[in-house]
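>>> based on what follows, work out the 3D shape:
(2 chains)
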Amino acid sequence: KQEVTQIPAALSVPEGENLVLNCSFTDSAIYNLQWFRQDPGKGLTSLLLIQSSQREQTSGRLNASLDKSSGRSTLYIAASQPGDSATYLCAGGGWDTDKLIFGTGTRLQVFP
Amino acid sequence: SAVISQKPSRDICQRGTSLTIQCQVDSQVTMMFWYRQQPGQSLTLIATANQGSEATYESGFVIDKFPISRPNLTFSTLTVSNMSPEDSSIYLCSVNGAAGGADTQYFGPGTRLTVL
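From the prediction side, this is the model:
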């Protein structure tokens, strides 16, 4: 059974810092790994999708990597801004289904 | 991409009653997913809803408690039956942008349910 864990659970940093959020999964037979952002009282916004055949994906100040052999994914946020404050969730997708197993989330606060 | 709407956006219900949540997608999709997010927790998949067949429920969730309808390729409902305060959560529906995990999953804005 796939289990997904994220560390740290919460993070508070000053504006401008570069950040790394970690995601670990127990089953390396993962089809894709997705990172989402959730703002309070709102649904989820997709940030990056990494297919199993890929190593990383980039979008603006965000870079996500995937290492299936070690069961890890990282989300790198460059030059953090107060607008980045949100909860970040990673989720793994299996081979035989499109359903996602979500991590525990990292609650990020970036202060001015 | 897919745009998803949910109704209601929030509700406060009495113990023992039932609430039906609607999910509408702006395009035809094969599978729709229903998730629950309990306070302070991450998302947990309740069931997968395919058009024309019975929903597939995850461990810990049963049809009698969470009946699901999927009458067509753009719409689904989730009913939370005989509610108790433990059912207070955000309920989200989602779809895949493309089958086989080739695209990201899109989520509705969620329905925030409070059971008194």
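>>> wouldn't B:T114 be in contact with B:I12 here?
Yes: with contact defined as CB atoms under 8 Å, B:T114 and B:I12 form a contacting pair (4.7 Å). From N, CA and C alone the C-beta is placed, and that goes for glycine too.
>>> low-confidence ranges, chain A, go.
For chain A, the stretches flagged by pLDDT under 70 are A:95-97.
>>> the same query, at a cut-off of 80, please.
Within chain A, the set of residues satisfying pLDDT under 80 comprises A:1-2, A:28-29, A:41-42, A:94-99.
>>> interface residues of it facing chain B?
Counting by CB under 8 Å from any CB of the partner chain, chain A comes close to chain B at A:31-32, A:34, A:36, A:41-46, A:49, A:51, A:89, A:91, A:93, A:97-105.
>>> so of the residues you listed, which ones are in strands?
In this view, these that belong to strands under DSSP state E are A:31-32, A:34, A:36, A:44-46, A:49, A:51, A:89, A:91, A:93, A:100-102.
>>> which pair of those spans the longest distance?
For those, the farthest-apart pair by CB to CB is A:Y31 and A:T45; their separation is 21.0 Å.
>>> re the thing from before, just the buried residues of the residues of chain A next to chain B.
Among these, those classed as buried by neighbour count (16 or more other CB atoms under 10 Å in any protein chain shown) are A:31-32, A:34, A:36, A:43-44, A:46, A:49, A:89, A:91, A:93, A:98-103, A:105.
>>> what residue ranges in chain B score low on pLDDT?
Judged by pLDDT under 80, the stretches of chain B that qualify are B:1, B:97-103.
>>> how about the residues of it near chain A?
Counting by CB under 8 Å from any CB, chain B sits next to chain A at B:31, B:33, B:35, B:41-45, B:48, B:92, B:94, B:96, B:99-110, B:112.
>>> just the buried members of the residues you listed?
By neighbour count, with 16+ other CB under 10 Å, those hold B:31, B:33, B:35, B:42-43, B:45, B:48, B:92, B:94, B:96, B:101, B:103-110, B:112 as buried.
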